[in-house]
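> sequence plus predicted model, see below.
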Amino acid sequence: MSHYVGTTRTASAGFEYVNNLTARSFCGRCGMRVSVRDDGEAIRRRGAFTLIELMVAMIIIAILIALLLPAVNSVIRRTRVARVVTEIKDLEAALANFKAKYGVYPPSRITLYPPGSNWSTRSKALIRRIWPQFDFTTSGGAVWLTAPVTLNGAQCLVFFLGGVTQDGAVTGFSKNPARPFALGGTREGPFFEFDTRRLTSSAPGNSRFPVYLDPLPSQTRPYLYASSYDGNGYQSADLANLMAGVYYEPGEDKNGNNQLDAGEDANSNGRLDFGPAFKPRSFQIISPGFDHQYGIGGSLDVTDAEAFLQQAGRTTELDNITNFTDGLLGQ
Ligand SMILES: [Ca+2]
Ligand SMILES: [Ca+2]
Ligand SMILES: [Ca+2]
């Protein structure tokens, strides 16, 4: 067949060559075109990519990945935050179940004493609210306890929801109301299904009272728990060595720096007054977030948390996740 490259239609039935690879045939009656390939040498010549073509393709792929990566990372981050939010909701439900059973939310600081000790007035009162028939002479059956131990909020969260620890597992409490800390027998709880891989000892030799890490990657700091003692008020000592305090509505602290600045003492009492605490009648749960740092706590404007926390230089709190924000604190 001879080629007529670049020619136009020359007959009522025939070929039009638009280039040297493709010919178009015509129907003699209706004039419709049908593509016909000329499988000649030209096609075989295109069997491989040149180096330049490959490099261009790779550069385009690299650019696409670079463009997509932030979006993918952001989705992964949001998914991880959502997982913590869900777990905090589950912890809230577990604490509600505890209250339904015992009438009060767990305390967030308590000292437990071994059998034969004198209990402090405060710890005794806290225990009596939960187990009115508690036998203090045997420390509620806590034969496993050999020295007084003071639990902070993070430890209380696991102890009261999980119960007595045995061989690294939480076992709930004995149903014997005089000896809830005894091992064996019929049990109450655990009220929460802890992932034992995320239970970690809070201090050497303290494996009886572990704390619980959130599911963020390589997390090192546990969920904080602060009890309002059923509306009687949060106690800053409960978070000692962990965070300075729970979260309050800003009140007089207009710039969110937790300090009394000019023009902030609206009631002229010489000190900075915050608004009411968030969750004033129940409890606050706080995850330290991706940076594994809690921050100083204190006043927070949830309507503009991001600006509020940045303005105050409290950036470590921006990624905290709590039970009074539906996700990150700063968003
Ligand atoms: Ca201030
Ligand atoms: Ca004031
Ligand atoms: Ca943080």
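Received, thanks. Ligands and ions are numbered 1, 2, ... in the order given.
> what residue in the chain comes nearest to ligand 3?
Closest residue of the chain to ligand 3, CB to the ion: Gly289 (3.7 Å). Yep, even glycine has a C-beta here, placed from its N, CA and C like the rest.
> that residue: how many residues sit nearby?
Residues lying near Gly289 (other CB atoms under 10 Å) number 26.
> wait, doesn't it sit right on Gly327?
No - with contact defined as CB atoms under 8 Å, Gly289 does not count as touching Gly327 (10.6 Å).
> identify the contacts common to those two.
Common contacts of Gly289 and Gly327, defined by CB atoms under 8 Å, 6 or more residues apart in numbering, comprise Ile321.
> circling back to that earlier point, report the secondary structure state of the residue of the chain closest to ligand 3.
Secondary structure, DSSP: H, G, I helix; E, B strand; the rest coil: Gly289 is coil.
> now it: closest residue in space, sequence neighbours ignored.
Leaving aside its sequence neighbours, Gly289 sits nearest to Asp319 (CB to CB, 6 or more residues apart in numbering; 3.3 Å).
> can you give me the pLDDT of that neighbour?
Confidence at Asp319, expressed as pLDDT, is 95.
> check Ala307 too.
For Ala307, the model assigns a pLDDT of 89.
> likewise Gln311?
At Gln311, pLDDT is 82.
> interface residues of the protein facing ligand 3?
288-289, 291, 293, 316, 319-320 (CB under 5 Å from the ion).
> most neighbours, which of those residues?
Of those, with other CB under 10 Å as the count, Asn320 tops at 28 neighbours.
> what is the burial count for Asn258?
Neighbour tally, Asn258, other CB under 10 Å: 18.
> residues contacting it?
Counting by CB under 8 Å, 6+ apart, Asn258 has contacts 244, 272, 296, 298-299, 312.
> lowest-confidence one in these?
Ala244 (77).
> now do the contacts for that one.
Going by CB under 8 Å, 6+ apart, the list of residues near Ala244 reads 236, 258, 296-298.
> neighbours of the residue of the stretch 1-150 of the chain found nearest ligand 2, how many?
Nearest residue of the stretch 1-150 of the chain to ligand 2, counting by CB to the ion: Ser108, 26.5 Å away. Residues within reach of Ser108, counting by other CB under 10 Å, total 27.
> so it is in which element?
Counting by DSSP states H and E, no helix or strand carries Ser108.
> give me the number of neighbouring residues for the nearest residue to Thr325 once chain neighbours are set aside.
Distance criterion CB to CB, 6+ apart; nearest residue to Thr325, sequence neighbours excluded, is Val302 at 6.2 Å. Neighbours of Val302 under the rule other CB under 10 Å: 16.
> hmm, the residue of the stretch 1-150 of the chain closest to ligand 2 is touching Asp230, no?
No - if you go by CB under 8 Å, Ser108 and Asp230 don't touch, sitting 11.9 Å apart.
> hang on, the earlier thing: closest to ligand 2 out of the contacts of Ala244?
So of the contacts of Ala244, ranked by how close each gets to ligand 2 (CB to the ion), first place is Asn258, at 13.1 Å.
> quick one: secondary structure of that closest one?
Asn258 - assigned by three-state DSSP - is coil.
> so how far is Phe191 from it?
34 Å (CB to CB, to the nearest Å).
> can you pull up the most central residue in this structure?
The centroid of the chain falls nearest to Val84 when counting by CA atoms, centre = their mean (2.9 Å).
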